[in-house]
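Student: no sequence for this one, just the structure:
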């Protein structure tokens, strides 16, 4: 028997599987990667040796209004380690600089005080100026140009008025942007909902190049790069983390070149060959990424790449924060089938995009081909069922449900952390 450990909330769900039914356990090589130094030393080294850029302290030397874009509570960026080092680097040659931390919520809800404390620690929360972006507040935005796709770039004024714009983030596979990090700090991070909606249109999401691990020819990536350029994003500090959310590599410097090198590194570690199976067990990486169904679509998309048509995807995801957005939820709650959802979304033109339709589009696409079972003891199962999925309180229960659909001898593939891999079909 094989024992698999699936990340769930702040713990794991452990489960035994018969060896003869297990086709493979797909994991990122990041989990076996031995870092060259400690987490702090890796970030410090990246700051001292930036890629295709002067050092941050030199860029910041004469600046009076510096803004650092930081990811929100839905991203496991180890800001307790990274942010103090960025602040120290800036203040080493400019101790009196006015610095604002701008929380890149994108289309998410605002981070709570407790979430900020958990992310940064008391010292930064108590001593630094923190502004939380709200994409729905049009009065907070300024128009700085156009996207290649034609949409307006409405940027948060705090970022637009900076004389030095910096971002902190991490790089992992992303299910439609190719990879996270870099340019995503700007779009969708700190732009208006108008800009996000233009970028996340149905035709872009439907593109075969809008997939995990793909940047070349990816229409969403092209828009994001343009937005970051026009926002004058000057410097990034992006890290790569393992399954324990520990820093194993850091990249700093020019937002395009440093991000590109980081993506190459992540791509080499994350690539795994598909093992097509009738049952695929996965997760959304545990806390903080599995707080809602919306975010959990990412883990489902990894399973999609190795699940046979008509097969079952089992995803262990706490979803303690519920569905993750009323607009997203309503697509499913008010539809008779996933096909109805997909048909309606594909009929929406690029400049009429509706909030969260992209997440609904991807989830509906997966549902059309597969049955989905969410394993959670922290979310109302009726909510999940109203979204055309099934719910179980344990992996054992989910396996019984799956076997009723595809048989007790069905082969199984396991992806312990669905957001950490690039499944090569």
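Tutor: That came in fine, so what should we check first? What you see is a predicted model, and the numbers here were worked out from it, not measured in a lab.

Student: Quick check: the gap between the residue nearest to residue 209 when sequence neighbours are not counted and residue 139.
Tutor: In this structure, residue 209 finds its nearest non-sequential neighbour in residue 217, 4.1 Å apart by Cβ to Cβ, 6 or more residues apart in numbering. Every residue, glycine included, has its C-beta placed from N, CA and C. In this structure, residue 217 and residue 139 are 36 Å apart, going by Cβ to Cβ, to the nearest Å.

Student: which one of those two has more residues nearby?
Tutor: With neighbours defined as other Cβ atoms under 10 Å, residue 217 and residue 139 compare such that residue 217 has more, 12 against 6.

Student: Just the mean pLDDT for the helix or strand harbouring residue 236, thanks.
Tutor: With elements taken from DSSP states H and E, the one containing residue 236 is strand 233-241. Taken as a whole, strand 233-241 carries a mean pLDDT of 97.

Student: And for residue 20, the neighbour number?
Tutor: Residues contacting residue 20 under the criterion other Cβ under 10 Å number 7.

Student: Same question for residue 185.
Tutor: Burial measure for residue 185: 32 neighbouring residues, criterion other Cβ under 10 Å.

Student: and the residue nearest to it when sequence neighbours are not counted, helix, strand or coil?
Tutor: Of all residues not flanking residue 185 in the chain, residue 167 sits nearest, at 3.7 Å (Cβ to Cβ, 6+ apart). The three-state label given to residue 167 by DSSP: H, G, I helix; E, B strand; the rest coil is strand.

Student: partners of residue 167 in the sheet?
Tutor: Beta-bridge pairing for residue 167 (DSSP bridges): residue 69, residue 236.

Student: Who are the contact partners of residue 169?
Tutor: When the contact criterion is Cβ atoms under 8 Å, 6 or more residues apart in numbering, the partners of residue 169 are 69-71, 75, 77, 180-182, 184-185, 236-239.

Student: Residue 401 now?
Tutor: With contacts taken as Cβ under 8 Å, 6+ apart, residue 401 has the following neighbours: 312, 373, 390, 392.

Student: Can you point out the buried residues in the host helix or strand of it?
Tutor: Here residue 401 sits within helix 395-406, counting by DSSP H and E. Residues of helix 395-406 classed as buried by neighbour count (16 or more other Cβ atoms under 10 Å): 395, 398, 399, 401, 402, 406.

Student: if we can go back for a sec, out of the contacts of residue 401, name the ones that lie in strands.
Tutor: Cross-referencing these against strands under DSSP state E gives 312, 373, 390, 392.

Student: How many neighbouring residues does residue 116 have?
Tutor: With neighbours defined by other Cβ under 10 Å, the count for residue 116 comes to 22.

Student: Ok, the one 3 residues further on next?
Tutor: Residues within reach of residue 119, counting by other Cβ under 10 Å, total 23.

Student: so what's the backbone phi/psi at it?
Tutor: phi -80, psi -50 (degrees, to the nearest 10).

Student: now the nearest residue to it once chain neighbours are set aside: how far from residue 352?
Tutor: Leaving aside its sequence neighbours, residue 119 sits nearest to residue 79 (Cβ to Cβ, 6+ apart; 5.0 Å). When Cβ to Cβ is applied, the distance between residue 79 and residue 352 equals 36 Å.

Student: next one: residue 326
Tutor: Relative to residue 352, and taking Cβ to Cβ, residue 326 is found at 19 Å.

Student: Helix, strand, or coil at residue 108?
Tutor: Per three-state DSSP, the secondary structure class of residue 108 is coil.

Student: Assess the claim that it and residue 74 are in contact.
Tutor: Yes - between residue 108 and residue 74 there is a contact at 5.7 Å, judged by Cβ atoms under 8 Å.

Student: just to revisit the earlier point, the strand holding residue 236 - contacts with which helices or strands?
Tutor: helix 39-48, helix 56-59, helix 79-91, strand 164-170, strand 247-253, helix 257-270 (3 or more Cβ pairs under 8 Å, 6 or more residues apart in numbering; DSSP states H and E).

Student: Need the residues that contact the last one.
Tutor: Here helix 257-270 makes contact (Cβ under 8 Å, 6+ apart) with 28-30, 33, 50-53, 171-173, 178-179, 181-183, 213, 215, 236, 238, 240, 249, 251-252, 420-422.

Student: Show me what secondary structure element comes after it.
Tutor: Per DSSP H and E, the helix or strand that comes after helix 257-270 is strand 271-273.

Student: Check which residues of that next one are buried.
Tutor: Neighbour counts over strand 271-273 (16+ other Cβ under 10 Å) mark residue 272 as buried.

Student: and if you look at stretch 40-55?
Tutor: 42, 43, 44, 46, 47, 50, 51, 53, 55.

Student: if we can go back for a sec, now, which of the buried residues of helix 395-406 sits nearest residue 369?
Tutor: When the buried residues of helix 395-406 are ranked by distance to residue 369 (Cβ to Cβ), residue 406 comes first, at 13.2 Å.

Student: what residues are up against the closest one?
Tutor: Residue 406 neighbours (Cβ under 8 Å, 6+ apart): 278, 279, 310, 311, 312.

Student: which pair in those spans the largest distance?
Tutor: Among these, the pair separated by the greatest distance (Cβ to Cβ) is 279 and 310, at 11.1 Å.

Student: the more surrounded of these two?
Tutor: A direct count of neighbours by other Cβ under 10 Å for residue 279 and residue 310 places residue 279 higher, at 28 against 11.

Student: OK, contacts around residue 173?
Tutor: With contacts taken as Cβ under 8 Å, 6+ apart, residue 173 has the following neighbours: 179, 180, 212, 213, 266, 270, 302, 419, 420, 421, 422.

Student: The fourth one: what's its closest spatial neighbour, skipping adjacent residues?
Tutor: Read it as residue 213. If you skip the residues right next to it in sequence, residue 213 has residue 422 as its closest partner in space, 3.7 Å away by Cβ to Cβ, 6+ apart.
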